[in-house]
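> Got a sequence here, can you model it:
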Amino acid sequence: MELQTAHDKNQLRQAAAALDSAGIRVAFLSNQFDGAILQGFSRADWRGPANEIAGTTLDSGVGGEWLIRTSGTALAGPYGGFTFGTDWLHCGTSRQTAAEVRFEIAAWSPSAYVLVPGAVYGGNRFEARKLAYAPCWTSIEEQGPNAPALVTDIPRLAADDGPSSLHLLTGDAATPAVAYYDPERGRGCILLTEQRTVYGETSVHIEESADRRSAAISFRAPGVREETKYEMCTTAAVSGDRGADYANGDRLSMKFHVFLFACGSVRRLFAAFASVRDSLTGRPELVASLPFSAAWAIQEAKFNAMNWNGQYGYYAVGTVDEKHQDWQLGWVGGGMSSYALLLEGSAASRERALRTLDFIFGGQTAAGFFPGVFYRGRWYGDEFGSDPNREAPERWHIVRKSADTLYFAAKHMLALEAIPYGRAASVAWLQGLRRLADAFVRLWDGYGQFGQWVNHDTGELLVGGSAGGAMAVGGLAWCGSVLNDERYVSVAREAGEYYYRGFTMAGVTTGGPGEILQCPDSESAFALLESYMALYETTGDRLWIGRAEEAADQCLSWCVSYDFVFPATSTFGKLGMRTAGSVIANAQNKHSSPGICTLSGDALFKLFRATGRRRYMDQLTETVRNMNQYLSRSDRPVMGWDGKDMPPGYMSERVNMSDWEGANLVGEALPLSCWCETSNMLTYAEVPGIYVQRDKGLVWAPDHVTCGLETTADGGAALRVTNPTSWPASVKLLSETSIEAALPLGVCASAVWPRIRLAPGETRVLPLTD
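Residues are numbered from 1 along each chain as shown. As a prediction, this is how the structure comes out:
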């Protein structure tokens, strides 16, 4: 270890002073384990830069000794950031040991908002129910419009008195980080670390004192969760973690980026995190795999060959002969894949898309809603359980499903106006859309919310709370345009304000998926972003742009910001899969996924156009670029965890960085046709392959091409585009000025974007004109 220069010492002094002013003390621990059972630990407090010449000596507790030196460097930016490096040199031998860096907060608040991106929101401080998968409200006594927010047994800090701690691996998080906002002291803190060290994945631990007036955030290498770990719906699974065996001369490095700043709201915490989340890892490298148009061709063929149900006339959500793989409205793709196929498909695909609309509205109930599931000629409710004593399980309906249908059915109608297809929306569809919109208006008028579960026959609100119905805000906004009825826009505004104040401002969005009770989830966060942008585009009121920015910063926290290192022997390890841009589902089902469930992400694009904030366009590019590598195809099949190659066009929702389904399934694929195929098709239908702002000299390539701007001989601008893949590409181009970008884009704008056709390996230079 090199001795520090005077400049290095000064930098470290500044870091120490910043920690001290925030009331944070750093300690080093050496933990001794027998398997995952803690046998003891040794501790040494970091005494600051004055001690760095000698370093900090720490007995390992099992025969060895650590010599620890630290370093610190200031980071540029508005959030008071600095690096904090720890280098550990081991002397002697120690078995089953884990090194730990511990940040101890002396002055803590029981109202502190705690964030582990993609895993913990507001500390996950909910009341929990120990229910097996798939949990459902029919087995819970607390029901009705004012039912409390309940979660399954997920990692969480305590909502009441008693012990309070949670324990994760870095792979559970979208970014290996912990952040908090202390409202009593107006303080924010973000701690970023690396996914792993040379000894394996790192673990993350948060512990609160019994009186909630102090806390500690610590990181162990290798990661050891003591005694128990999280697996599906339980925190009581036996932990298989163990410490490392350190030999004489072994070295370990644990590096952190620390940001300490004045913070007066959850909003500022998320804005800060969105700005710095990749400061330690750097921006991920984008790699070309398969052009959007080539993926579309594979998926359109697959949907027509394997998903089309000719007997009843709809595109099924999956391919397996099973109830929940057949027809499910909204959520996992029913009535959403058909929108993409209507915009981009062949004549046959478009006719089938419209037949899907016939099927949807043919099943509408008297209350205006829909049964959520159809299988072999019979309608079913959305309840997942099988208890025969449940009350009216067939009538339980997930509000999110009808909310998605309201939004996407309106977009079907608008698509028929935008594409040169020669068909108008039928009277039956428009009447059905109005009945559905009226059903949501009645929910709002009767309950002041859209809730999470309704009786689809009567419209009674069965379970309230959550942001599960958030997409109805955007749906009502677009219905105002389609049906020329300002009443729907008025309710959309009122409901948008309700969801903003109750969920976006609080930094906890829940209720998107139907089988997680009200665990925090990414789907409701993205639904709010989509709805706020729909309100902006239909009303022109820039208030909703501010709301959308807050929602988007929360959405970014669910997006994986780096490339996880999969086990080399795993399927994803062998295929070289990258995770940056994938999206973690929720705090219960701890997998990431290709794409946003179940959206294209164009709301991020629209928000970038309205604000000029590059992070939204950067995130969209990372997310849509990420998806096609997970598409199984004949020349590069993706093997499912059943050991069989998935057919061409299949995409698995599982991007398992977490061991929530077992360590053996990290980097393995669920062998099912999943909703992410719909998200991928929506991406081609709605997102530009290349985006240029000519007057600003800005260019992005969400599609799998490389491009840049050039100056022509006559002083004009030109776009150089290369297709680096072995597939032909048809790339949609949107070129505009910053003045044009300030105008709302609207629905189906992609219908008129020009397309650049490129052979494999071809480069073209295209003049850009006003």
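
> so where's the stretch 601-750 of the chain shaky on pLDDT?
Along the stretch 601-750 of the chain, no part satisfies pLDDT under 70.

> If we go by neighbour counts, what in the helix or strand that contains residue 472 is buried?
Residue 472 belongs to helix 471-482 when assigned by DSSP states H and E. Buried residues in helix 471-482, counted by 16 or more other C-beta atoms under 10 Å: 471, 472, 473, 474, 475, 476, 477, 478, 479, 480, 481, 482. Yep, even glycine has a C-beta here, placed from its N, CA and C like the rest.

> what ranges do the helices span in the stretch 1-150 of the chain?
6-21 (DSSP state H, counting those that start in this stretch).

> how about the strands in it?
Using DSSP state E, counting those that start in this stretch, the strands found in the stretch 1-150 of the chain span residues 24-34, 37-45, 56-59, 65-74, 81-91, 94-105, 113-116, 120-121, 127-129, 150-152.

> winner for burial among these?
strand 120-121 (a mean of 26; mean count of other C-beta atoms under 10 Å).

> between the helix or strand in which residue 253 is found and helix 6-21, how big is the angle?
Here residue 253 sits within strand 251-262, counting by DSSP H and E. Relative orientation of strand 251-262 versus helix 6-21 (axes from the mean of the first three to the mean of the last three C-alpha atoms, to 10 degrees): 60 degrees.

> Strand 251-262 versus strand 81-91: what angle between them?
Going by the same axes, to 10 degrees, strand 251-262 makes 160 degrees with strand 81-91.

> so how many other residues sit close to the residue lying closest to residue 125 once chain neighbours are set aside?
Counting by C-beta to C-beta, 6 or more residues apart in numbering, residue 125 lies nearest to residue 159, which is 4.4 Å off, once chain neighbours are set aside. Residue 159 has 15 neighbours, counted by other C-beta atoms under 10 Å.

> what's residue 159 in contact with, if anything?
125, 126, 127 (C-beta atoms under 8 Å, 6 or more residues apart in numbering).

> what do you get for residue 446?
residue 461.

> Could you measure from it over to residue 500?
21 Å (C-beta to C-beta, to the nearest Å).

> ditto for residue 331
Relative to residue 500, and taking C-beta to C-beta, residue 331 is found at 23 Å.

> now swap in residue 682 and tell me
25 Å.

> what about these two, which has more around it?
Neighbour count, other C-beta under 10 Å: between residue 682 and residue 500, residue 682 has more, with 26 against 23.

> hang on, that one in a strand?
No. Judged by DSSP: H, G, I helix; E, B strand; the rest coil, residue 682 forms no part of a strand; its state is helix.

> Does it touch residue 341 like I think?
No. If you go by C-beta atoms under 8 Å, residue 682 and residue 341 don't touch, sitting 10.1 Å apart.

> how much does the strand holding residue 253 deviate in direction from strand 65-74?
40 degrees.

> Would you mark the buried spots in the helix or strand just after strand 251-262?
Downstream of strand 251-262, the first helix or strand assigned by DSSP H and E is helix 266-276. Across helix 266-276, burial judged by 16+ other C-beta under 10 Å covers 266, 267, 268, 269, 270, 271, 272, 273, 274, 275, 276.

> likewise stretch 370-379?
By 16+ other C-beta under 10 Å, the buried positions in stretch 370-379 come out as 370, 371, 372, 373, 374, 375.

> Turn these into a markdown table, columns for secondary structure and pLDDT.
A markdown table is the format used below for the buried residues of stretch 370-379 (DSSP: H, G, I helix; E, B strand; the rest coil; pLDDT from 0 to 100):
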| residue | secondary structure | pLDDT |
| --- | --- | --- |
| 370 | coil | 96 |
| 371 | coil | 95 |
| 372 | coil | 94 |
| 373 | strand | 96 |
| 374 | strand | 96 |
| 375 | strand | 96 |
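
> What about residue 663, how many residues nearby?
For residue 663, using other C-beta under 10 Å, the count is 14.

> Likewise for the one 5 residues further on?
The local packing count at residue 668 equals 24, with neighbours defined by other C-beta under 10 Å.

> Hmm, residue 567 and it touching each other?
No. Between residue 668 and residue 567 there is no contact under C-beta under 8 Å: 9.4 Å.

> returning to that earlier point: any idea which of the buried residues of helix 266-276 is the one closest to residue 496?
Comparing the buried residues of helix 266-276 against residue 496 with C-beta to C-beta places residue 267 closest, at 16.3 Å.

> wait, the closest one sits on residue 547?
No. In this structure, residue 267 is not within contact of residue 547 by C-beta under 8 Å, at 10.3 Å.

> any residues in contact with both of those two?
Common neighbours of residue 267 and residue 547 (C-beta under 8 Å, 6+ apart) do not exist.

> Pass me the low-pLDDT residue ranges in this protein, would you?
Using pLDDT under 70, the flagged stretches of the chain are 1-7, 50-54.

> can we see that at 50?
Low-confidence segments of the chain (pLDDT under 50): 1-3.

> domain parsing for it?
6-119+155-276, 295-383+393-687, 691-768 (automatic domain parsing).

> Now find how far off-centre the longest one is within its chain.
With C-alpha atoms, centre = their mean, to the nearest Å as the basis, the distance from the averaged C-alpha position of domain 295-383+393-687 to the chain average is 13 Å.

> can you give me the end-to-end distance of it?
Domain 295-383+393-687 has an end-to-end distance of 14 Å (C-alpha to C-alpha, to the nearest Å).

> circling back: which members of the buried residues of stretch 370-379 are the farthest-apart pair?
Farthest pair in these, by C-beta to C-beta: 370 and 375, 14.3 Å.

> didn't residue 518 look like it was pressed against residue 452?
Yes. Applying C-beta under 8 Å as the test, residue 518 and residue 452 come out as touching, 7.1 Å apart.

> overlap in contacts of those two?
465, 466, 511.
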